[in-house]
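**Student:** fold the following and give me the result.
(2 chains)
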Amino acid sequence: MKTNHAMRIAVLLIGALWGPGAALGTSAGPLYEGDLETQLAHARGVARWVDEPLSEADFGTGSQRFDGEWLFGTYVMGAIGHGQVALEHPEYRAEAGRRMERAIDAALTREVRAFDRAAWGTDPVDDIGTRRAHVAYLGYLDLALALHRQVDPESKFIELEESITRHLAGLLERSATGLVETYPGEVYPVDNAAFIGALGVHDAVTGEDHRTLIRRFRAELRGRYISAETGLLYQSVARRGGRPVDAARGSGTALATYFLAYADPELSEQLWSAMRRELYRQGLGFGAMREYAPGPGGRGDIDSGPVVLGLGVSATGFAIGAARAHGDRDAYRSLYATAALFGAPTDAGGRMSFALGGPIGDAIMFAMLTAPRAVARVRS
Amino acid sequence: MKRWVVLGLVAVSGLVLHELWAEMLVAENAAATLLSRGAGARSLAGLESVEALGAVLFIAYRLVALPLAGALAALIALRLSTAARDLILHARERSRALRAPAVGNTNR
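**Tutor:** The predicted model follows:
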């Protein structure tokens, strides 16, 4: 009798402790495998945000710049997600092309460009060809444009994509630090990585060869912008001289790992290995990434999202894309379990949305969950 | 039996509440306020605080409900496996009982 009772308690405990992680992790399986229907449910969830008239007022960060970044991010990451699904499933190309076009058109409106215009004092699109880089706006946009070109060879954005690519490639080639500015006086290696990812897609589509520039970028990162101690990417560096002005952090490293998989799989793999070693924590079927390597860290900021017990919301979310890009099924599964636990994916009439993600959360998760596995190297 | 019916009703109610709550959060885009909370962007006030609190409560609800659901699922699995074992044992005993007279007849 006593044995039966003890066994029941043991079973209850096992179910309570391991059940949620196992159940949520299992639902990552079809996404990791690239099941079209599951990906389309997320695609519809994101398309809904793009079709709705969103504005900065829909993002309550309390900062006009961050509200604008999140509005832009919703459109551009949504477009990237559609592009990735289309490249994995050619039968989705036509629909993806239309959805990407709507998202990119929205990202190109003057209202959405306002956050970048406010920071620079000049408009990012008007500044193409000048010495002002606008790499946050133009770099991320360029990846969406290049993917649209890959999905739709007749893309109406070809001219714009080529002019942005020429603009940023030229500035990067001439830059003494090997990086260009996001905003005046602000340089973030991860934003530069977004453009390098776009350059990889551009070369794949056009047959042009920017390998010299990509190799130089790799050398600069390895030599100056990756922490020798942790192998993680510095979040922010000084405009003159490139001295790190912020710590090497999980959110920037994870997102750069994802972007660089498009252009430089070797460098991307190096960053992913460092993240796995320094930041990855797992237990009970859940996984998460720290924002800072163990030791004296920081409190995070708008880029990290809330940092709880050292674990970063953004670092964990972005790492899902990096895990898929590197064929790391275990990490993908456990990171997704955590994202699902706190994000609460909800299916409303075939449209999947993260109840606690909002437009930006849905769009980022869509892009990360569908990150291309073309460069996948299955971990032993 | 009554206990299982009650447990079943609680589980279904919990699930329905969860789905309705989640759909409401999606519709109201309440998450935006929570994501920026603690991210160094600002402190919340007024209605936004209420929305953020609602989102935090939803997370708390999931943190409690999901382990309970896991425990319930494990209990059901244990119950089913016990029932299946009992059925197999019962069937074996029946088959043994049926075979016994036949053996006796042969010997006779």
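
**Student:** residue A:229 should be in a helix, yeah?
**Tutor:** No - using DSSP: H, G, I helix; E, B strand; the rest coil, the secondary structure at residue A:229 is coil, not a helix.

**Student:** any idea how far it is from residue A:293?
**Tutor:** 8 Å (Cβ to Cβ, to the nearest Å). Where C-beta positions appear, they are placed from N, C-alpha and C, glycine not excepted.

**Student:** any residues in contact with both of the two?
**Tutor:** Here residue A:229 and residue A:293 have residue A:248 as joint contacts, going by Cβ atoms under 8 Å, 6 or more residues apart in numbering or on different chains.

**Student:** more neighbours, the two?
**Tutor:** Neighbour totals were compared for residue A:229 and residue A:293, and residue A:293 leads with 23 against 10 (other Cβ atoms under 10 Å in any protein chain shown).

**Student:** thinking that one is in contact with residue A:281, fair?
**Tutor:** No - the criterion here is Cβ atoms under 8 Å, and residue A:293 misses it with residue A:281 at 11.8 Å.

**Student:** list the contacts for the residue most central in space within chain A?
**Tutor:** Central residue of chain A (Cα atoms, centre = their mean): residue A:255, 4.6 Å from the mean position. Going by Cβ under 8 Å, 6+ apart, residue A:255 touches A:190, A:193, A:194, A:314, A:318, A:321.

**Student:** closest one of these to residue A:308?
**Tutor:** Ranked by distance to residue A:308 (Cβ to Cβ), the contacts of residue A:255 are led by residue A:314 at 12.1 Å.

**Student:** end-to-end on stretch A:352-359?
**Tutor:** 12 Å (Cα to Cα, to the nearest Å).

**Student:** count of residues packed around residue A:44?
**Tutor:** 17.

**Student:** what segments of chain B are helices?
**Tutor:** B:2-28, B:31-36, B:46-107 (DSSP state H).

**Student:** ok, the stretch 51-200 of chain A next?
**Tutor:** A:64-88, A:93-107, A:110-120, A:135-151, A:158-174, A:189-206 (DSSP state H, counting those that start in this stretch).

**Student:** centre of the chain to the fourth one, how far?
**Tutor:** Same thing as helix A:135-151. Remark: helix A:135-151 is offset 13 Å from the chain centroid, using Cα atoms, centre = their mean, to the nearest Å.

**Student:** so which elements touch that helix?
**Tutor:** Applying 3 or more Cβ pairs under 8 Å, 6 or more residues apart in numbering or on different chains; DSSP states H and E, we find helix A:135-151 packed against helix A:64-88, helix A:93-107, helix A:110-120, helix A:158-174, helix A:189-206.

**Student:** quick one: it to helix A:189-206, angle?
**Tutor:** Following axes from the mean of the first three to the mean of the last three Cα atoms, to 10 degrees, one obtains 20 degrees for the angle between helix A:135-151 and helix A:189-206.

**Student:** leaving out sequence neighbours, find the closest residue to residue A:288.
**Tutor:** residue A:311 (4.3 Å; Cβ to Cβ, 6 or more residues apart in numbering or on different chains).

**Student:** could you do residue A:322 as well?
**Tutor:** In space, residue A:322 is closest to residue A:257, 3.9 Å off (Cβ to Cβ, 6+ apart).

**Student:** for residue 93, grab the count of nearby residues.
**Tutor:** Picked chain A for this. So residue A:93, with other Cβ under 10 Å, has 17 neighbours.

**Student:** switch to chain B, please.
**Tutor:** 10.

**Student:** again with residue B:81
**Tutor:** 11.

**Student:** quick check: the gap between it and residue B:87.
**Tutor:** 11 Å.

**Student:** buried residues of stretch A:306-317, list them for me.
**Tutor:** Judged by neighbour count using 16 or more other Cβ atoms under 10 Å in any protein chain shown, the buried positions of stretch A:306-317 are A:306, A:307, A:310, A:311, A:312, A:313, A:314, A:315, A:316, A:317.

**Student:** from those residues, which two are the most distant?
**Tutor:** Longest span within these, Cβ to Cβ: A:310 and A:317, 15.8 Å.

**Student:** hmm, back to that, beta partners for the residue nearest to residue A:288?
**Tutor:** residue A:290, residue A:308 (DSSP bridges).

**Student:** where does the chain dip in pLDDT?
**Tutor:** Picking chain A for this. For chain A, residues meeting the criterion pLDDT under 70 lie at A:1-3, A:60, A:374-380.

**Student:** nope, chain B please
**Tutor:** Residue ranges of chain B with pLDDT under 70: B:30-51, B:101-108.

**Student:** so how far is chain A from the residue nearest the centre of it?
**Tutor:** For chain B, the residue whose C-alpha lies nearest the mean C-alpha position (Cα atoms, centre = their mean) is residue B:69; its distance is 2.6 Å. Per Cβ to the nearest Cβ, to the nearest Å, residue B:69 is found 7 Å from chain A.

**Student:** wait, doesn't that residue sit right on residue A:19?
**Tutor:** Yes - using Cβ under 8 Å, residue B:69 makes contact with residue A:19 at a distance of 6.9 Å.

**Student:** any common contacting residues for the two?
**Tutor:** What both residue B:69 and residue A:19 touch, as defined by Cβ under 8 Å, 6+ apart, is an empty set.

**Student:** is residue A:10 in a helix, a strand, or coil?
**Tutor:** Residue A:10 is classified as helix under three-state DSSP.

**Student:** now do the strands in the stretch 251-380 of chain A.
**Tutor:** A:280-283, A:286-289, A:307-308, A:311-312, A:345-348, A:351-354 (DSSP state E, counting those that start in this stretch).

**Student:** out of these, nearest to residue A:24?
**Tutor:** Taking Cβ to Cβ, strand A:286-289 is the member of those nearest to residue A:24, at 7.9 Å.

**Student:** which residues sit against the closest one?
**Tutor:** Counting by Cβ under 8 Å, 6+ apart, strand A:286-289 makes contact with A:21, A:24-25, A:250, A:254, A:275, A:279-282, A:311-312, A:315-316, A:319, A:330-331, A:333-335, A:337-338, A:341, all of which sit outside it.

**Student:** buried subset of those residues?
**Tutor:** A:21, A:24-25, A:250, A:254, A:275, A:279-282, A:311-312, A:315-316, A:319, A:331, A:333-335, A:337-338, A:341.

**Student:** picking that back up, nearest to chain B, of the buried residues of stretch A:306-317?
**Tutor:** Of all these, chain B sits closest to residue A:306, with 3.8 Å by Cβ to the nearest Cβ.

**Student:** can you verify my assumption that the closest one contacts residue A:316?
**Tutor:** No - using Cβ under 8 Å, residue A:306 is not in contact with residue A:316; the gap is 10.8 Å.

**Student:** give the contact list for residue 8.
**Tutor:** Using chain A. Residue A:8 neighbours (Cβ under 8 Å, 6+ apart): B:75, B:78.

**Student:** helix or strand for the closest residue to residue A:369 other than its chain neighbours, which one?
**Tutor:** For residue A:369, ignoring the flanking residues on the chain, the nearest one in space by Cβ to Cβ, 6+ apart is residue A:31 at 5.0 Å. Secondary structure assignment for residue A:31, by DSSP states H and E: helix A:29-33.

**Student:** show me what that helix is packed against.
**Tutor:** Against helix A:29-33 (3+ Cβ pairs under 8 Å, 6+ apart) you get helix A:36-51, helix A:329-343.

**Student:** list the buried residues in that helix.
**Tutor:** For helix A:29-33, by 16+ other Cβ under 10 Å, it's A:31, A:32.
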